[in-house]
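turn this into a structure:
(5 chains)
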Amino acid sequence: MVGTIPIAWVLTLAAGLFCIGLFGALSRRNTVGILMGIELMLNSVNINLVAFWRYLRPMGTAGLTFTVFTIAVAAAEVAVGLAMVIAIYRARQTINADEADTLKG
Amino acid sequence: MNYVVLTIFFLLSALTLGSGIMVVTVKNIIHAALWLISTFVGVAALYMLMEAEFLAIVQVLVYAGAVSILVLFAIMLTRQITGTGTRQLHSRWWVAMLTAAALFGGVIVPTVWQQGSSWDKTASDAQAILVQQATEANGGTRPEIIPVAGTEELGAALMGEYLLPFEVVSLLLTAALIGAILIAFEERTRRRRVLTLAEELALRKRGIVEPHDEEGAVVPVDAEQAV
Amino acid sequence: MTYWPVIAVDAWIGLVLVSIIKVTLILVGGSLGMMFLTWYERRAIAYMQDRRGPNRVGPQGLLQPVSEAIKTMTKEDITPLDADRVVHFLAPVVMLGATVLAFAVIPWGNLFPSSLRVGVLFIFAVTGLHTVGMLMAGWGSNNKFALLGGMRGVAQMVSYEIPLLMALLPIILLSGSLSLTDIVTRQGDWYGFGWYVFSPVGLTAFITFFIAALAEGERTPFDIPEADSEIVAGYLTEYGGMKFAVFYLSNYMTNLALCFIMASLFLGGGNGPGVTALGTVLGGLLSLVYFFIKALALFFLMVLIRGTVPRLRVDQLMGFAWKFLLPIVLVNVFSTAIWVAITRWGPQAQIFTDWFGEPASDNYLRYGVAIVVTLIINLLAVYAVMRINRRQPSDLTEEEIALGLAG
Amino acid sequence: MLKTEELQVNIGPQHPSTHGVFRMLVTVDGETLVDLKPVFGYLHRNHEQLGEVNSYLQNMPFTDRLDYFNSMVNNHAYARAVEQLAGIEVPERAQYIRVIMDELSRILNHASALGFLLGDMGAWQTSLLWGLREREKILDLFEYVSGARMMCNYSRFGGVARDIDDYFISEVKKLMQGLPRYFDEFERLLVENEILLVRAKGVGVLPKELALSYSVTGPLLRGSGVPYDVRKAEPYAVYDRFDFDIPVGTVGDVYDRFLVRVEEMRQSYRILEQALQQMPEAEGGHINPKVKQQSLKPPVGESYARVESPKGELGFYLVSDGSGSAYRYKVRAPSFINLSALADMCKGYKIADVVVILGSIDIVMGEVDR
Amino acid sequence: MTLSTRKGTVNIVEVNRHDNNIHAGQGTLKGLDIVFRKFRKALFGKANTERDDTEGQFNVQYPEERLVLAEAYRNMPILLYDDATGQELCTSCFQCERVCPPQVIHITQAKHPETGKPVPAAAEFVLEYDTCMSCGYCAEVCPFDAIKMDHDFELSTADHPALDVHYTHLLRPVSYYEAIAPTMWAEVRDAALKKLQNNIKRRPGNIGVDHGQKIAGKSSAAAPKAATPAAGAAGRKQYTGPIAKVGTSMSEDKLARLMAIREANTGKRGGPPESGAHAIEADVATNAAGQVAPSDQATSGSAASKATGPVAAPGKNMSEDKLARLMAIREANKAKQGE
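Okay, the predicted model is just below:
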């Protein structure tokens, strides 16, 4: 079904998403915004994994398994990240990354 | 080349990339989170297109249904700081843009397109092997449907070949859960607690005169000791 | 193995057309079903309250929902002044979209099986998107009650999704498939009465699933997001006219879908006596009838509960999900594993074969042992959970009350 | 929970469960209630001033509008105040009639109040409609005897407006055949319901000492464990001839008030049984014919008469300067005084409990605002 | 537990909080069971009409089915006139105006056209239906049984000024009241009619004669006379019990009665003015809709003064006015004693 599309297109799409995520993670002041950028990057990695699985090893399960792991890890990352955001907010009344500049909580 | 599939692919690409751009550029952070959901759904549809249906559903379930809601909740809990009035981007956002653009145009795309043809060849080889196997299994004629690894294989792999990573990931999730709770929750004793009438009376009966904090709220006794 | 049809290019147009027709049918059928359900619920609850219910418009008031639909359509469409207009507008669309997607994979009796291999998961994935719509509605309305309702609703939905999916696991373990069609087919034994609800694990799963489904569908006693006596109408407060109707439609269609799913998963879907004997077409029609009867009976149970019990408080609701439902559901997964081991394991566990004989569908000894063992485990689990959770204010010492442990 | 900032929410004046035009300005921390400020007066209509302008008789129909669920009881209390003031004798038969009406009022009030309480809890009106069904049957009787369902205007000075006939008595007896069934079905419906238990037990606790210091009365006080009932504490009419119990609670929470009301309906049933049994022997007609109703001019003096209204102690205070209208007229409205305990009762509970606690007080805004 | 007080012993029962029971859902099941039982009963159409019944459909399908109103039912006062002669029972004794708690009754006494002395009849009688609280005091105090409480409760209207109801629209024949409250009328019937006879003697000309009646005699509107007794007979039959349901026949009856009354009213409006009082009436009729009360009253006041001659405007020669009224009352008393 997907075999008619060259794999390079899918990878380019993933690359674009990755770069958008990178831009977001680098340029947002808001900590939650940064987290969202990271989410985009993780998603693009997942697209890559699935694409490689589908095009190169469709009978194997390595790509699928690793995607599952990535999703799980991303969920964990978001949970901890947002918890930290809330902790920072509570301590400093701000969630802007450039204002949370002390190590002391 | 199958134009329907191609059209669907381009539409999904547009949805995913467009929403992604909105996520990083839009001013209102809540809108950014909503655009993020749209991106996730687009990615899920891409998985569906690539016949990873289980992953697509997990993507919707975890990302669109849970992660994005978590993000929205976090935004709402911290909302008065992140109103539309505040500046959302760094003053040097263009550096970030240049970096991302350079990465995209200078590194990834050339690599991908250079390697693309060889990958395509590998891919068509893999497809040919698949078709051949299916034909043999079908007794010489090419079957209507070509098998790829599905949910059952994934489950078997997670329980067999990848058992250790699976357990490690589950451990990681548990640790993250506990960590998140620990970080986000205030200590019980620090919480401001409003006593009910009965509780207040019970305290008074026991001779405990409850101290008041500066806001006039009653602070339980052990809170004082803990601080 | 997953199989995908390889279809020629020109067949795609046909596929697209068929899809469009199917989607239209689902939409029309869903809205008609919702209309019927509102009438059904109102009549049933009226009888419970010694009333008559709608009986003016049309025969027996059947056209009452139609007149109300016309009324809502002709109402003024109001958007609050400081609301986020786009989000406010899109919230009902997201809600309805998520609901309609869920209808895609429901097998309508044996006549129209669904083809998605992970149909069960699909349904919960897309209904999970309701939370997004709720949050959008609550936030976009720019209203305290709406925001409160939206947050409550999301917290509730996210919490109850866990017991809901966990209650599903036993069924997936028993049937070995994620496809609704397969699950239904596998309940066709024993003259069409091989329903999963007739085993202890299935019964526990059914009850827990039903409770969680009440919460997912925002039915009493879990209708906290729209608790009218506390927060006016929750996230619906600022909605009126057609937007409100779309929310309402989505809500009832979700309930309908949940009833269909419960009927398929636990009550054997279209299975029943005589379905296999009557052949494909007649049997299929009969199965459709069975299917609808089961779904409507489940909905009647929901209505009966709505007519009887009060609403839980929001913290009690959360406590119920996490402290009560989740442990029981987890234990149920465990006892399902035992069930499968006792009834199916031959070479894997020689000891069972030695004790109870070879695994077979007519080896009643194995089934009997499995029933007894799982029943004991489940009852013990329920008892333990109740024992642990039963700390009423009167059980607490005065000191504990004073320190606020009662709440 | 996560620390959240305090939020001020207005519950009311237009809100489904504030029982009238009542506004609660609540401050919540998350879902927990920090502060509650009751705001009322939206229904103020100068009742007490009107009572000082109107003649004594003219004021009677205005008392209907105080607690419009129990106009019979209001009439009774007001008539008693005027009778005390003017030294009017009330025939025995009239006393019995008044007692019967009072107890019927109590049943209908508790039936609907419990229904409303459960409606506030989210039970979808089933118990309310069952209660309203009984209420309708009683109201039909009121209509038969007084001419109006809710604004009965039935008492007169020295008796009641019209005598009751055999048909009325037989209908009351018939009604009483069905009432135990209603009580039973109501108890079966919800009294042991688990959700009701968790919603009502330990919620809105009003300890005995505080109940007394707030001077709340009625089921609210009895729910807190104080066996105070005007019918026993200061038996009026012919209440000293009846044998009935006072139900009291032990904890003082919403559940106790709920149960006290259920039990009070049963006790009212007992009183009705005895009253109907004793009534035929009572003499004196339905009204004292010597009283000049329209041009009543009581001697200079003051009087305070109280009855046990279903909502609590209802008192009327009258000062006469010898003219045709009262010099001072004051109503001790039970709803108003019971409502004063609301803010403190709600503190520390969840916002969803507020409406339940309010419902358990059983207020009528007509009486609160006057 | 019993408690001894000065006033005697008090039995106290502590309510059962069900603290010791294990609650494992059986309470909810009990509730579901009873609700389902109710559902079953009502589903098969069991009606709940008896007072001791607790099961079955309780509600009444209002416009088609109606509960019979109790005789004592009171909703808005009406004034009575004699069917046969058209004589109004009201003598404008002002008892009702004085007792009315919201003070919505406004009476103008009729004057003798030649002498200007008050006669025992009302020239104008205005009742503010929008403020009336139907307490029934007016009917209770009326010594001539002229004012009675109606049973018609379907009074909703968008026409607010029309709620200041004038004499012509308040009048109902005695037979109408007899139809809605037969026993209550029977109690007072003889005395009331006797008093009416006495009054008639002191009413010169057409004063105090119902206008609708005269018009009925003159023109074709004989319908009310024919219709009301029949309706009355039908109505009387149905007062078997206050809760007995009536079928569709009731609504037809009611409709017929209503139509009759309406026709009577339109007939009244259409009639030409014959005396001062009738001039007012025509005024009222032409301004039936959209007129506010004060102007209406002003018109009537001025018209009455013009017609009845040398009666001073109210407020100026108050004492004379009062004296005249007193005289009228005394004359009435004398006439009563003479009977």
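
give me the contact status of the longest helix along chain D with chain C.
For chain D, the longest helix by residue count, based on DSSP state H, is helix D:92-121. Yes. Using Cβ under 8 Å from any Cβ of the partner chain, helix D:92-121 reaches chain C at D:Leu118, D:Gly119, D:Asp120, D:Met121. Heads up, the C-betas are built off the backbone N, CA and C, glycines and all.

after that helix comes which helix or strand?
Later in the chain than helix D:92-121, the nearest helix or strand by DSSP states H and E is helix D:126-146.

where does the chain have low pLDDT?
Reading this off chain A. The model of chain A has pLDDT under 70 over residues A:1-4, A:92-95, A:97-105.

um, chain D though
Ranges of chain D meeting pLDDT under 70: D:1-5, D:30.

what about the single nearest residue of chain E relative to chain A, distance to chain C?
Residue of chain E nearest chain A, by Cβ to the nearest Cβ: E:Gly25 (34.3 Å). Remark: distance between E:Gly25 and chain C (Cβ to the nearest Cβ, to the nearest Å) = 10 Å.

what is the nearest of the residues of helix D:92-121 next to chain C to chain C?
D:Met121 (3.6 Å).

does the longest helix of chain D reach chain E?
No. If you take Cβ under 8 Å from any Cβ as the test, helix D:92-121 misses chain E, and the best it gets is 10.8 Å.

stretch C:324-339 too?
No. Using Cβ under 8 Å from any Cβ, stretch C:324-339 never reaches chain E; the gap is at least 11.1 Å.

can you show me the CA trace of that stretch as PDB?
Extracted in PDB, the C-alpha atoms of stretch C:324-339 (Å, rounded to 0.1, in the frame of the first residue of the first chain):
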ATOM      1  CA  PHE C 324     -11.600   0.100  44.100                       C
ATOM      2  CA  LEU C 325     -12.000  -0.600  40.400                       C
ATOM      3  CA  LEU C 326      -8.300  -0.700  39.400                       C
ATOM      4  CA  PRO C 327      -7.200  -3.400  42.000                       C
ATOM      5  CA  ILE C 328     -10.200  -5.600  41.200                       C
ATOM      6  CA  VAL C 329      -9.500  -5.300  37.500                       C
ATOM      7  CA  LEU C 330      -5.900  -6.100  37.900                       C
ATOM      8  CA  VAL C 331      -6.700  -9.200  40.000                       C
ATOM      9  CA  ASN C 332      -9.200 -10.100  37.400                       C
ATOM     10  CA  VAL C 333      -6.500 -10.100  34.700                       C
ATOM     11  CA  PHE C 334      -4.500 -12.400  36.900                       C
ATOM     12  CA  SER C 335      -7.400 -14.800  37.400                       C
ATOM     13  CA  THR C 336      -8.100 -14.700  33.700                       C
ATOM     14  CA  ALA C 337      -4.600 -15.900  33.200                       C
ATOM     15  CA  ILE C 338      -5.300 -18.800  35.600                       C
ATOM     16  CA  TRP C 339      -8.500 -19.500  33.800                       C
END
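
which helix in the chain has the most residues?
If you meant another chain, say so; for now it's chain A. Under DSSP H, chain A gives helix A:62-92 as its longest helix.

ah, I was thinking of chain C
Chain C, longest helix under DSSP H: helix C:9-48.

against which helices or strands is that one packed?
Helices and strands touching helix C:9-48, by 3 or more Cβ pairs under 8 Å, 6 or more residues apart in numbering or on different chains; DSSP states H and E, are helix B:3-25, helix C:64-73, helix C:85-103, helix C:241-265, helix C:280-308, helix E:26-43.

quick check: which of these is nearest to chain D?
Closest among the helices and strands packed on helix C:9-48, once you apply Cβ to the nearest Cβ, is helix E:26-43, at 3.4 Å.

past that closest one, which element shows up next along the chain?
Taking DSSP H and E, what comes next after helix E:26-43 is strand E:66-67.

what pairs with that following strand, and is each one parallel or antiparallel?
strand E:245-246 (antiparallel) (DSSP bridges).

in chain B, what residue comes closest to chain E?
For chain B, Cβ to the nearest Cβ, closest residue to chain E: B:Ala198, 15.3 Å.

what sits closest to that residue if chain neighbours are left out?
Leaving aside its chain neighbours, B:Ala198 sits nearest to D:Val205 (3.8 Å; criterion: Cβ to Cβ, 6 or more residues apart in numbering or on different chains).

the one you found: what's it in contact with?
B:Thr196, B:Leu197, B:Ala198, D:Val251, D:Gly252, D:Asp253, D:Met345 (Cβ atoms under 8 Å, 6 or more residues apart in numbering or on different chains).

what separates the fifth one from D:Leu210, distance-wise?
It stands for D:Gly252. For D:Gly252, the distance to D:Leu210 equals 9 Å [Cβ to Cβ, to the nearest Å].

out of these two, which sits in the busier spot?
D:Gly252 (26 against 19; other Cβ atoms under 10 Å in any protein chain shown).

show me what contacts that one?
Taking Cβ under 8 Å, 6+ apart, one finds B:Ala198, D:Val205, D:Leu206, D:Pro207, D:Lys208, D:Ala211, D:Gly223, D:Ser224, D:Gly225 in contact with D:Gly252.

ok, now C:Ala215?
C:Gln156, C:Met157, C:Ser159, C:Tyr160, C:Phe222, C:Leu317, C:Ala321.

ok, D:Ala94 next?
D:Gly158, D:Gly159, D:Val160, D:Gly284, D:Gly285, D:His286, D:Ile287, D:Asn288.

and with 10 Å instead?
Going by Cβ atoms under 10 Å, 6 or more residues apart in numbering or on different chains, D:Ala94 touches D:79, D:155-156, D:158-160, D:163, D:237, D:282, D:284-288.

just the ones of those residues in strands?
When DSSP state E defines the strands, the subset of the contacts of D:Ala94 inside them is D:Ser155, D:Arg156, D:Gly159, D:Val160.

for chain E, tell me which of those residues show up nearby.
D:Arg156 (Cβ under 10 Å from any Cβ of the partner chain).

E:Glu88: which of the ones in strands among the contacts of D:Ala94 is nearest?
Within those, proximity to E:Glu88 (Cβ to Cβ) peaks at D:Arg156, which comes in at 28.4 Å.

so the closest one sits right up against D:Lys292, yeah?
No. Using Cβ atoms under 10 Å, D:Arg156 is not in contact with D:Lys292; the gap is 11.0 Å.

more neighbours: those two, which one.
Higher neighbour count among D:Arg156 and D:Lys292: D:Arg156, with 24 against 11, using other Cβ under 10 Å.
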